[in-house]
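> Predicted model, plus sequence, below.
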Amino acid sequence: MHRPDPRGGRPRVDDRVCFNAIVFVLFTGIAWQHLPREVGCSPATAHRRLAEWQAAGVFHRLHQELLRRLNTAGRIDWSTGVVDGSHVRALHKGALTGPSPVDRARTGSKHHLLTDSHGIPLAISLTGGNRNDVTQLLPLVDGVGPVRGKVGRPRTRPDKVLADRGYDHDKYRRELWKRGVKPVIARRGVEHGSHLGRERWVVERTFAWLHNLRRLRIRYERSGELHLAFMLLGCAVVCQRKLAE
């Protein structure tokens, strides 16, 4: 549906049509120029609307609204958060990219994720591929809330956070305690046997869900903000699926 543009010229493409086009790109991973005509939105229009909505905070608010609905339904486990990072290759470099230490120094980015114990994505961030995971621990914890949906004060963070040895820094443990969050972080140099893997696997499963959305498997966007828009939309997709279970 095309609404008349009060400024004159071609009518504005309906937001729902543009949103469907963006979701189509997210799921299929196709290049913008290959967007099928049947979608009803030109590649340039869909790309421009993606940028406009990200600048306006639309995808963040969408993710927050779905978290609110999950919280209302009692589906979020606030007792436990799980954090991890995952590398993706960045084909065109751009902002928030760097040489990946796990991919022969090829240019890449890192997706950083905080989930609850069910794998519901609570917060996500994007950095260059050479950034240490622990640098995003506090931004993720601080970036959760407020999540409304229950009587009383909205939740802003889980009660404890589980993390692997890559997050083993006492400085960050102290910062988590200051925020009222119990750090459960494996220590370097200690024999395996903490059994944290029995609880931490949920964040790896959520990464698998996100990276099944093909636009998130490889980063094509030069703009870090546009790739982050797809990441937030991916989190919204996972939340919607959880809500429908």
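Cool, got the structure.
> C-alpha only now, for contacts and for neighbours.
Noted.
> Any stretches of the chain with poor pLDDT?
1-9, 189-197 (pLDDT under 70).
> Run through the helices of it in chain order.
15-28, 43-55, 58-72, 137-142, 170-178, 197-211, 224-244 (DSSP state H).
> Next up, the contacts around the residue most central in space within the chain.
In the chain, the residue lying closest to the centroid (CA atoms, centre = their mean) is Ile124, at 3.7 Å. Residues near Ile124 by CA atoms under 8 Å, 6 or more residues apart in numbering: His111, His112, Leu113, Leu114, Leu140, Met231, Leu232.
> again with Cys235
Taking CA under 8 Å, 6+ apart as the test, what Cys235 contacts is His63, Pro121, Leu210.
> Would you mind giving the residues you listed as TSV with neighbour count and distance to Glu221 added?
Conversion of the contacts of Cys235 to TSV gives the following (neighbours: other CA atoms under 10 Å; distance: CA to CA, whole Å):
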residue	neighbour count	distance to Glu221
His63	22	21
Pro121	28	22
Leu210	23	17
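> Out of those, the closest to Leu91 would be?
Leu210 (18.6 Å; CA to CA).
> Turn the contacts of Ile124 into CSV, columns for distance to Cys18.
Shown next, in CSV, are the contacts of Ile124 (distance: CA to CA, whole Å):
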residue, distance to Cys18
His111, 25
His112, 27
Leu113, 27
Leu114, 29
Leu140, 29
Met231, 17
Leu232, 17
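> ranking the residues you listed by neighbours, who comes first?
Within those, Leu114 tops the neighbour count with 29 neighbours, counted by other CA atoms under 10 Å.
> in the sheet, who's paired with it?
Val83, Ala123 (DSSP bridges).
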